[in-house]
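Enquirer: Quick one: sequence plus predicted model below, questions after.
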Amino acid sequence: MQKVTIIGGGLAGCESAFFLAERGFQVVMYEMRPSAMTPAHETKFLGELVCSNSLKSTAEDTSSGLLKSEMRLIGSVVLRAADKTSVPAGNALAVDRENFAAELDSIIRNHPNITVIEKEITEIPADRPCIIATGPLTSDAFAQQIKSRFGGGLYFFDAIAPVISKDSIDMSRAFFKSRWEKGDNDYLNIGMNKEQYEHFYNELVASDKVAFEDFEKLNVYEGCMPIEEMAARGIKTLTFGPFRPVGLRHPDTNEKYAAVLQMRMENKEGTAYNLVGCQTKMKISEQKRVFGLIPGLENAEFLRYGSIHRNTYIHAPKALDRCFRVKGDEQLYFAGQITGVEGYMESAASGLLAAFSLVNPDFKGFSELTALGALARHVSGELAENKKEYVPSNFHFGMVPQFEHRIRDKKEKKAAYAKRAIDALKADLEKL
């Protein structure tokens with residue numbers, strides 16, 4: 001039975017470990033928590049989600065939905081755990097964060113072919129094959145080892161949204177509804193008139209925020225940007241983004257709002273809600289004051305305050321091929337957000353791809369028509385968009401080849417992309 005070493009027990013590491021273990025490999029996984037914690041993690045569980053409890057859309061005609069469909073075809077353990085611990089979130093797949101991590105942790109630790117060792121690794125192991133999936137919160141010591149070998153030292157800042165107790169929300173000011181009335185009314189909404197929104201906005205912009213060292217440029221990831229950074233672009237930015245009021249009139253009074261805060265269920269019991277789009281770098285005392293200006297949140301009880309942390313990633317195009325193998329050391333792999341993929345599912349998908357490559361030595365990568373293939377091409381630097389500068393990215397339809405014939409209807413075009421991708425992935429799998 002071949003032994004495989006995996007460093008890191010996040011989503012990518014868990015996907016790799018389970019995929020390999022199911023195929024008879026003896027997996028030894030090293031995870032430094034809980035003996036050595038990160039600035040963002042709070043539990044001892046493998047696969048803990050730190051930024052949000054949403055895994056985004058399940059609709060196949062969306063980029064995130066297509067990626068999930070492809071991962072299901074290969075056998076994603078992350079999606080298996082997510083399905084079992086999901087909470088209502090309209091067309092999105094959201095999970096009870098703690099139950100999800102506990103479920104994934106149990107699956108991995110109880111697999112007969114997986115051994116989990118709680119120990120911080122500070123040097124790249126000599127053991128091969130090896131998958132490094134330490135994530136964007138890689139410990140300083142190990143990150144320095146990676147940097148000394150692969151260069152880079154690239155990073156971005158990632159923000160987390162607050163979570164509040166439902167019991168502390170003034171429900172007379174709130175209403176359940178989904179934007180455009182699509183799906184069930186799973187989101188809790190609070191509307192603001194023009195005066196209320198402008199007061200909130202002005203205090204948000206002027207709030208006291210976490211300071212950063214002078215030598216650190218605040219390089220934020222667009223997909224998880226602090227609300228203050230968005231607000232600094234102008235007063236209308238939030239109302240065209242997370243506070244967009246369109247499609248969210250009050251269901252009883254038909255009142256139209258200048259801005260709407262949406263909140264998503266954080267746990268199965270429905271006792272905790274996440275402030276959607278409110279990732280923040282405000283100091284704790286300011287979070288309570290500023291968010292308390294939103295009607296209905298005056299007495300909000302914060303179960304988890306928002307925060308911001310630094311994420312590290314390597315310059316993958318220089319180091320990795322499209323199978324996530326290290327160039328010149330083909331039995332060493334990287335997976336997860338440390339490779340420069342961004343998003344929960346993209347991170348998990350890279351773990352699947354690394355493990356799939358390890359199991360299939362002749363594998364050259366999935367078709368560029370697929371989400372998985374396109375994501376791998378982004379990491380390996382084959383896409384034109386990162387020839388000059390490599391930046392973290394989610395999978396999006398702009399990564400796949402466009403149709404020769406123009407499809408004017410956007411929904412129809414995305415559905416066509418999805419069908420083409422699934423057909424191509426099935427064809428690739430049949431060849432192996």
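Expert: Nice, thanks for sending it over.
Enquirer: mind showing which ranges of this protein have poor pLDDT?
Expert: 36-37, 39-40, 151-158, 180-183, 212-224, 309, 384-388 (pLDDT under 70).
Enquirer: what's around the closest residue in space to residue 323 that isn't next to it in sequence, how many residues?
Expert: Excluding the flanking residues, the one nearest residue 323 by Cβ to Cβ, 6 or more residues apart in numbering is residue 357, at 3.7 Å. For every residue, glycine as well, the C-beta is placed using N, CA and C. Residues lying near residue 357 (other Cβ atoms under 10 Å) number 24.
Enquirer: Which neighbouring elements make contact with the helix or strand containing residue 357?
Expert: Here residue 357 is covered by helix 344-359, with elements defined by DSSP states H and E. When contacts are defined as 3 or more Cβ pairs under 8 Å, 6 or more residues apart in numbering; DSSP states H and E, helix 344-359 packs onto helix 11-22, strand 54-57, helix 63-74, helix 77-84, strand 130-132, strand 329-334, helix 371-380.
Enquirer: which stretch among the ones you listed comes nearest residue 108?
Expert: When these are compared by Cβ to Cβ, helix 11-22 sits nearest residue 108, at 5.4 Å.
Enquirer: Next secondary structure after that closest one?
Expert: strand 26-31.
Enquirer: quick revisit: so for residue 177, which of the helices and strands packed on helix 344-359 sits nearest?
Expert: Residue 177 lies closest, by Cβ to Cβ, to one member of the helices and strands packed on helix 344-359: strand 54-57, at 17.3 Å.
Enquirer: so what strands line up beside the closest one?
Expert: Using DSSP bridges, the strands paired with strand 54-57 are strand 92-95 (antiparallel).
Enquirer: CA atoms only for the strand it pairs with, dumped as CSV, please.
Expert: Only the C-alpha atoms of strand 92-95 are listed here, as CSV (Å, rounded to 0.1, in the frame of the first residue of the first chain):
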residue,chain,number,x,y,z
ALA,A,92,-27.1,28.7,-2.7
LEU,A,93,-25.5,25.9,-0.8
ALA,A,94,-24.8,27.1,2.8
VAL,A,95,-23.9,25.0,5.8
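Enquirer: Report the buried residues of the very next helix or strand once past that strand.
Expert: Using DSSP H and E, the helix or strand that follows strand 92-95 in sequence is helix 97-109. Within helix 97-109, the residues that qualify as buried are 97-105, 107-108, counting by 16 or more other Cβ atoms under 10 Å.
Enquirer: any chance of these in TSV, plus distance to residue 4?
Expert: Output for the buried residues of helix 97-109, formatted as TSV (distance: Cβ to Cβ, whole Å):
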residue	distance to residue 4
97	28
98	29
99	28
100	25
101	23
102	25
103	23
104	19
105	19
107	17
108	14
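Enquirer: Looking at those, spot the one nearest residue 17.
Expert: For the buried residues of helix 97-109, the minimum distance to residue 17 (Cβ to Cβ) is 5.8 Å, reached by residue 108.
Enquirer: right, and the closest one touches residue 17 too?
Expert: Yes: between residue 108 and residue 17 there is a contact at 5.8 Å, judged by Cβ atoms under 8 Å.
Enquirer: what touches both of these two?
Expert: Shared contacts of residue 108 and residue 17 (Cβ atoms under 8 Å, 6 or more residues apart in numbering): 9, 29, 114.
Enquirer: ok, and the most crowded of these?
Expert: residue 9 (28 neighbours).
Enquirer: List the contacts of that residue.
Expert: Residues 17, 29-31, 33, 46-47, 108, 116 are the ones in contact with residue 9 under the rule Cβ under 8 Å, 6+ apart.
Enquirer: most surrounded residue in those?
Expert: Greatest neighbour count in the contacts of residue 9, by other Cβ under 10 Å, goes to residue 17: 31 neighbours.
Enquirer: Tally up the residues packed near the closest residue to that one other than its chain neighbours, please.
Expert: Leaving aside its sequence neighbours, residue 17 sits nearest to residue 27 (Cβ to Cβ, 6+ apart; 4.8 Å). Residue 27 has 25 neighbours, counted by other Cβ under 10 Å.
Enquirer: hang on, residue 27 packs against residue 115?
Expert: Yes: at 7.0 Å, residue 27 and residue 115 qualify as touching, with contact defined as Cβ under 8 Å.
Enquirer: all helices of the chain, in order?
Expert: For the chain, the helices defined by DSSP state H cover 11-22, 63-74, 77-84, 97-109, 140-150, 194-206, 227-231, 284-291, 316-319, 344-359, 371-380, 410-431.
Enquirer: Adding distance to residue 337 as columns, could you present those in CSV?
Expert: Output for these, formatted as CSV (distance: least, Cβ to Cβ, whole Å):
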stretch, distance to residue 337
helix 11-22, 8
helix 63-74, 15
helix 77-84, 14
helix 97-109, 16
helix 140-150, 13
helix 194-206, 28
helix 227-231, 20
helix 284-291, 25
helix 316-319, 11
helix 344-359, 5
helix 371-380, 11
helix 410-431, 23
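Enquirer: Of these, which is nearest residue 331?
Expert: Closest approach to residue 331 among the helices of the chain (Cβ to Cβ): helix 344-359, 8.2 Å.
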